[in-house]
Each structure stands twice: as C-alpha cells, then as structure tokens.
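Student: Mind folding the following:
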Amino acid sequence: MAWALTMSARKIAMPVERFSFLMVLGFIAAFLSHRLDLTSAGCIWNDIFDRDFDAQVDRTKNRPLASGQVSITGAFVFLCVHMVILLSMIWEVNPLAWKVGLLALFPLTGVYPFMKRITYWPQAWLGIYTSSPSSDADSLFKISSKGLAINIGISMAWATTTETIPISSIVLSVGCFLFVNIIRIPASV
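Tutor: Below you'll find the predicted structure:
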C-alpha cells in the first residue's frame, strides 16, 4: 500500500505534508483495520462456517464455536460489531474507493471459507494471515499465505487519492501477488 500511495501521490503532485500525513495515517489505519478488525472478522466468519469440521480436528476442537462456548448468534453479533467498525473506516472515501473497500470486506474475505472446499491454496485467495517464507531448500516455488485480499490495498490507495485505478496499480498488485506467492525468498536473507 505504501508503494501505491507513493506512486499515486506523485501522479497527482500531492504536497509532501499531505503525503506524509496519509502515509502515517494509512499505516495506522491499515494496522488497526487489518490486524484487529478484518482479521478478527475473517476468523469469526471462518469459524462460523467451519464449526462442525473444527469440532472433529484436535487442533481446532477447542475453538469457541466448535466447542460450544459461544453461540452462533453471539458470533454473528460479534462479527457485526467488527463489520460496523470496518465500514466506518471507509465511510467517507470517494465512491470508487468505497466500492474497492466493500470488495475487500465482503467477497474477498467472505468467500474464504468456501475456497477451502475447492482448492488446496485458499490462503492465496484471502491473504490476510501472516506467515514467513518457506525454508524448504528443495522447493523453488511455494505458495505463501499472502494473496488477493492483501493486495486490494494497492487499488484502495489509488482509488482514494486519485479516484482512478490505473493499469499501473493493477500491474503492481499482480507483481506483489506473484512476489509473495511464487518467488521463494531464502530464509537467510
């Protein structure tokens, strides 16, 4: 997102003071929305759909929904609280940025539980969970857990600052996706 903000700010000759403010604000907002609310909302949504399966797996059987500690209604209420916070964070952006924000919140994040049923690489779809690059020296290509949803911030930055999503931002998104999903970074770097 920092690259996208820098590129879009240069494109529209944004004053350095405004750019600096947006960069700091962007990092704070990205951290808060991604780490606290979007990740939590995604986990709640995932746990709602996987509760029956999770109850059968040793690693996940003690999750609140799988173990029955939290009701489905309680989980949906908690999910709604997170969604209200997330929606309020994008409330006053321009119409294009609003649409990109909604795309990030709903289809990209919301489809994840279903992607696990049709692909072995659901994280490439979602991309909000953090992992380190593979240390498997025998493998040149690895799919990491960074995917489409994490790269939507590039389009969001462009849409917010310029009210457009140029080809350059799409190329940057694809490049970031390929970099974190295909190019193996040695663990020693």
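Student: What about the closest residue to Thr119 other than its chain neighbours, how many residues nearby?
Tutor: Closest residue to Thr119 apart from its sequence neighbours, by C-beta to C-beta, 6 or more residues apart in numbering: Trp125 at 7.3 Å. (Each C-beta comes from the backbone N, C-alpha and C, glycine too.) As a burial measure, Trp125 scores 18 neighbours (other C-beta atoms under 10 Å).
Student: likewise Phe76?
Tutor: The number of residues near Phe76, taken as other C-beta under 10 Å, comes to 13.
Student: Pull out the CA atoms of the one helix or strand it maps to and give them to me as CSV.
Tutor: Assigned by DSSP states H and E, Phe76 falls within helix 72-89. Extracted in CSV, the C-alpha atoms of helix 72-89 (Å, rounded to 0.1, in the frame of the first residue of the first chain):
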residue,chain,number,x,y,z
ILE,A,72,-23.9,-18.8,16.6
THR,A,73,-26.0,-15.8,17.5
GLY,A,74,-23.2,-14.5,19.7
ALA,A,75,-20.6,-15.0,16.9
PHE,A,76,-22.8,-13.1,14.4
VAL,A,77,-23.3,-10.2,16.8
PHE,A,78,-19.5,-10.0,17.4
LEU,A,79,-19.0,-10.2,13.6
CYS,A,80,-21.4,-7.4,13.1
VAL,A,81,-19.6,-5.2,15.6
HIS,A,82,-16.3,-5.8,13.6
MET,A,83,-18.0,-5.0,10.3
VAL,A,84,-19.5,-1.8,11.6
ILE,A,85,-16.0,-0.7,12.7
LEU,A,86,-14.6,-1.7,9.3
LEU,A,87,-17.3,0.1,7.3
SER,A,88,-16.9,3.2,9.4
MET,A,89,-13.2,3.3,8.5
